[in-house]
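K.L.:
the following comprises the amino acid sequence and a computationally predicted model.
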Protein chains: 2
Amino acid sequence: MAVVRLDMAAEGAGAGADARMHDQVYDRIAEALIQGRIPPGKSVSLRGLAQDLGVSPMPVREAVRRLIAERALELQSVNKRLRVPGLNEHRLTQLAKARQWVEPELAALAAGRASKEVIRRLRDDDAAVMAALAKGDVSAYMQSNQDFHFSIYQLAGAELFYDMARTLWLQVGPFMRVVFGRMGTVHLPRDHHQDMIAALERGDAEAVRASMAADIAEGMDLMMDALRAHDAEAPVKRRGRK
Amino acid sequence: MAVVRLDMAAEGAGAGADARMHDQVYDRIAEALIQGRIPPGKSVSLRGLAQDLGVSPMPVREAVRRLIAERALELQSVNKRLRVPGLNEHRLTQLAKARQWVEPELAALAAGRASKEVIRRLRDDDAAVMAALAKGDVSAYMQSNQDFHFSIYQLAGAELFYDMARTLWLQVGPFMRVVFGRMGTVHLPRDHHQDMIAALERGDAEAVRASMAADIAEGMDLMMDALRAHDAEAPVKRRGRK
DNA sequence: TTGGCGCAAGTGTGATCACAATTTTGCACA
DNA sequence: TGTGCAAAATTGTGATCACACTTGCGCCAA
């Protein structure tokens, strides 16, 4: 059964349980999706998730309703069952376009707002990205890359855009994991992060926007190529769930 | 009590009750928000909405959870109570930027996909918009303007963008109603729709994009001016709910 | 009349049960 | 070894109750 680990037993210091339970549940599932720990097409269930997380089905219902609204999960129209949306070119194209607008926009807004403290953390995150690439560790790469990007996005102070970016990552996550798992991490771009940090440091908004756009374009192109290659050799099959 | 009419008793032909109840509830509330029938800052409650709609609180909970995810409603962090988000310049700026990207994009995608049938309906919608402007009927204007825009967006065949646009309208609706109610409909742009239809007809994607961008820019600028003017004369007050 | 205080009403959240619809299982039959 | 088909398990949805918490109203005293 439990293919995906989602437990929330630990819960840190135990004291911080101020947040509503369904929020914590949401965070767990969202994180799992962004990290790609739940594959596209995978079907899930309220009671199943509830059991994995060690909570009752009620908070899961609320969390899942939210994830459905964000298109991170979908309710199949035929049998009304829950699953992670599958991969297809049409959707990936839209996700790529959307990412290439919002995220450079966020990056540009962040320019000039980066303290030395933040710059330092960005360098750390980037170092972690490099290390993960060197080791070929897909999970570590996705985690540290996410940290890098969202550290920047948070600087922008634009909640609406931030949430849009987050929603997009939620949808791209499962795709990304499959693609990288299929082709390894060797081809991933590594130059843009350095440029981005430099531009951020000198407050050059347009340069930040440009390198962010380039970074995303390369990543999404890679995914698109991989998807097309895969679809070419296995057109419509894709049976079996698990 | 019931300041806002939301009843769903009629339910059309009665036969189409295939959709889940929470979807119908969602549609009702969403429509009310887009039409601006629920003012910014207005606080609502699950049981209150349930009673207005003649359903139990359960489906309302699911609908509201979805609306919160779309930022069409918010859960106040202080007292954990539900309300329609208030107006402020920061948020309106982001909404304007987002609209000015997604909606021209959708319009461009729709270019060349418009059948004669659709063009005819667009002319009808535009006529209704003009009529509403002439009469100064804000409700009719908002309804027919929405019909006009979303008839186009639907053509694009880009579900992700379509939903993004819908989410943005959900957030802008309450603002718009207040602004127009405050300044009347006389200043609203009316030229762009004609250009847009013409460009749509000859399949000129860039022209469609441009006129859509102009249409939205004018509308949002108007709202921004009105908001600034209002904030200038009544800085931080805004007491009393109702 | 005005201030303060306590209780009733209203709030969102979580748990649990019921139910119709679907999927999966299991077993008899060929 | 396959093949139907019915029983059992699982699914999302809705209703209802309980609970901790906040708000608001009204009463009493000064």
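P.N.:
Sure, I can see it. None of these values were measured; they are calculated from a predicted model.

K.L.:
so which residues on chain A come close to chain B?
P.N.:
Proximity of chain A to chain B (Cβ under 8 Å from any Cβ of the partner chain) is limited to residues A:61-62, A:65-66, A:68-71, A:91, A:94-95, A:97-98, A:101, A:105, A:158-161, A:163-164. Every C-beta, even on glycine, is put in place using the N, C-alpha and C of the backbone.

K.L.:
ok, and which of these reach DNA strand D?
P.N.:
A:Arg61 (Cβ under 7 Å from any atom of the strand).

K.L.:
show me where chain A has helices.
P.N.:
A:21-34, A:46-53, A:57-69, A:89-110, A:116-135, A:138-155, A:159-183, A:191-201, A:205-233 (DSSP state H).

K.L.:
to B:Asp27, which of those lies closest?
P.N.:
The closest of these to B:Asp27 is helix A:57-69. By Cβ to Cβ, the value is 13.5 Å.

K.L.:
would you mark the buried spots in that closest one?
P.N.:
Neighbour counts using 16 or more other Cβ atoms under 10 Å in any protein chain shown place A:59-69 of helix A:57-69 among the buried residues.

K.L.:
shaky segments in chain A?
P.N.:
Residue ranges of chain A with pLDDT under 70: A:1-18, A:185-190, A:233-242.

K.L.:
got a markdown table for the helices of chain A, with distance to B:Leu227 too?
P.N.:
A markdown table is the format used below for those (distance: least, Cβ to Cβ, whole Å):
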| stretch | distance to B:Leu227 |
| --- | --- |
| helix A:21-34 | 31 |
| helix A:46-53 | 42 |
| helix A:57-69 | 27 |
| helix A:89-110 | 20 |
| helix A:116-135 | 32 |
| helix A:138-155 | 26 |
| helix A:159-183 | 16 |
| helix A:191-201 | 31 |
| helix A:205-233 | 25 |
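
K.L.:
of all these, which one is nearest B:His192?
P.N.:
Among the helices of chain A, the nearest to B:His192 by Cβ to Cβ is helix A:89-110 (21.9 Å).

K.L.:
which neighbouring elements make contact with the closest one?
P.N.:
Applying 3 or more Cβ pairs under 8 Å, 6 or more residues apart in numbering or on different chains; DSSP states H and E, one finds that helix A:89-110 contacts helix A:138-155, helix A:159-183, helix A:191-201, helix A:205-233, helix B:89-110, helix B:159-183.

K.L.:
angle of the second one against helix A:21-34?
P.N.:
What separates the directions of helix A:159-183 and helix A:21-34 is an angle of 40 degrees, with axes from the mean of the first three to the mean of the last three Cα atoms, to 10 degrees.

K.L.:
follow-up on the earlier one: what subset of the residues of chain A next to chain B is buried?
P.N.:
A:61-62, A:65-66, A:68-71, A:91, A:94-95, A:97-98, A:101, A:105, A:158, A:160-161, A:163-164.

K.L.:
which residues touch stretch A:196-204?
P.N.:
A:107, A:110-112, A:114, A:119, A:122-123, A:126, A:152, A:207-208, A:211-212, A:215 (Cβ atoms under 8 Å, 6 or more residues apart in numbering or on different chains).

K.L.:
buried among these? Make that a PyMOL selection.
P.N.:
Applying 16+ other Cβ under 10 Å to the contacts of stretch A:196-204, the buried members can be selected in PyMOL as follows:
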select buried, chain A and resi 107+110+111+114+122+126+152+207+208+211+212+215
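
K.L.:
interface residues of chain A facing DNA strand D?
P.N.:
Residues of chain A that fall close to DNA strand D, judged by Cβ under 7 Å from any atom of the strand: A:44-48, A:57, A:61, A:75, A:80-82.

K.L.:
now do 6 Å
P.N.:
By the rule Cβ under 6 Å from any atom of the strand, the part of chain A lying against DNA strand D is A:45-48, A:61, A:75, A:80-82.

K.L.:
as a markdown table, the helices and strands packed on helix A:89-110 with distance to B:Met224 would be great.
P.N.:
Converted to a markdown table, these look like this (distance: least, Cβ to Cβ, whole Å):
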| stretch | distance to B:Met224 |
| --- | --- |
| helix A:138-155 | 24 |
| helix A:159-183 | 15 |
| helix A:191-201 | 29 |
| helix A:205-233 | 22 |
| helix B:89-110 | 6 |
| helix B:159-183 | 9 |
